[in-house]
Every structure is written in structure tokens, then in C-alpha cells.
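A.B. asks: Sharing a model prediction with you, sequence too.
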Amino acid sequence: MRETKTTNPQLIELINMLRKQSREQDAPIWADVADYLAHSRSQRVAVNLSTINRNTDKAAVVVVPGKILASGALDHTVTVASFEASVQAKAKLEAAKSKYLTIQELMAKNPKGSNVKIIR
């Protein structure tokens, strides 16, 4: 069977950037995120806000290697980075006084990836 590869140029650039950052900073978390993002679209992660709420503490920093969906609610503030997020999810994050970042922004802010949790 033929291997499927992503054709999204922004995603390809992000995956390459994550792998480079992982090598340069000796931060295996970015290589793990790149591996999850390299999956086909149907296998890529989609996480609801309720899952983020259940698996995080106050002021946690998490990365979702896929998309954030709006089902559920947040009852504490977190910093969340992902490849994409629904409009409703961004609105709920803002209402909970949480921060939404792109993966590139989180990588620039925390190049070593210390204290960052992957939620999938």
C-alpha cells in the first residue's frame, strides 16, 4: 500500500522546524510532537477542552500535536499550543483567561521544552 504524506506546506515546514529544534537544543519533546504531526490527517490528534481540563493543573503548559476542539470547559488557566484550534475553542480559552499559542510561538518561548506536557 502506498504511504500517504502531507502536502500542507505550513505543516511540512513546522515538522522540519521541530526536528531541527530537537537536535539543536537536545529537546526530545519537539521530535515527539513532529512525529505525531507527521501522521496522516485522519490519524492526527483532536483533543477536546474537557480532556485538557482533566489532565492539567493550574498554570500548566501543554502542546496538542493536532487540533483543539471546543467540547467541554476549562475551570483553570493553562497555556495551550497546537497546530490548529476551532474558533469556539479559542473563545472558550480566552473566557477561561488561558493563553492559546501556535507551536512555533511556544517553541520560541521555551526552546528546551521544559515543563511542557503533550496531550493527545
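C.D. replies: That came through, no problem. Numbers count the residues shown, from 1 in each chain.
A.B. asks: count of neighbours near the closest residue to residue 70 other than its chain neighbours?
C.D. replies: Nearest non-adjacent residue to residue 70, counting by Cβ to Cβ, 6 or more residues apart in numbering: residue 88, 3.6 Å away. C-beta coordinates here come from the backbone N, C-alpha and C atoms, glycine included. By other Cβ atoms under 10 Å, the residues close to residue 88 number 13.
A.B. asks: For the helix or strand hosting residue 21, name the packing helices and strands.
C.D. replies: Applying DSSP states H and E as the criterion places residue 21 in helix 9-25. For helix 9-25, the packing partners by 3 or more Cβ pairs under 8 Å, 6 or more residues apart in numbering; DSSP states H and E come out as helix 28-37, helix 103-109.
A.B. asks: what does the first one rub up against?
C.D. replies: The set of residues that contact helix 28-37 without belonging to it, under Cβ atoms under 8 Å, 6 or more residues apart in numbering, is 11, 14-15, 18-19, 21-23, 44-45, 63, 65-66, 83, 103, 107, 113, 116, 118, 120.
A.B. asks: same check, this time on the last one
C.D. replies: When contacts are taken as Cβ under 8 Å, 6+ apart, the neighbours of helix 103-109 outside the stretch itself are 14, 17-18, 21, 30, 33, 61, 63, 65, 79, 81-83, 101, 113, 116.
A.B. asks: Might you calculate how far whatever helix or strand comes next after that helix sits from the centre of the chain?
C.D. replies: From helix 103-109 onward toward the C-terminus, using DSSP H and E, the following helix or strand is strand 116-118. With Cα atoms, centre = their mean, to the nearest Å as the basis, strand 116-118 stands 8 Å off its chain's centre.
A.B. asks: Show me which parts of strand 116-118 are buried, residue by residue.
C.D. replies: For strand 116-118, the neighbour count (16 or more other Cβ atoms under 10 Å) marks 116, 117 as buried.
A.B. asks: And the average pLDDT for the strand of greatest length in the chain is what?
C.D. replies: The single longest strand within the chain, with elements called by DSSP state E, is strand 60-69. Averaged across strand 60-69, the pLDDT comes to 96.
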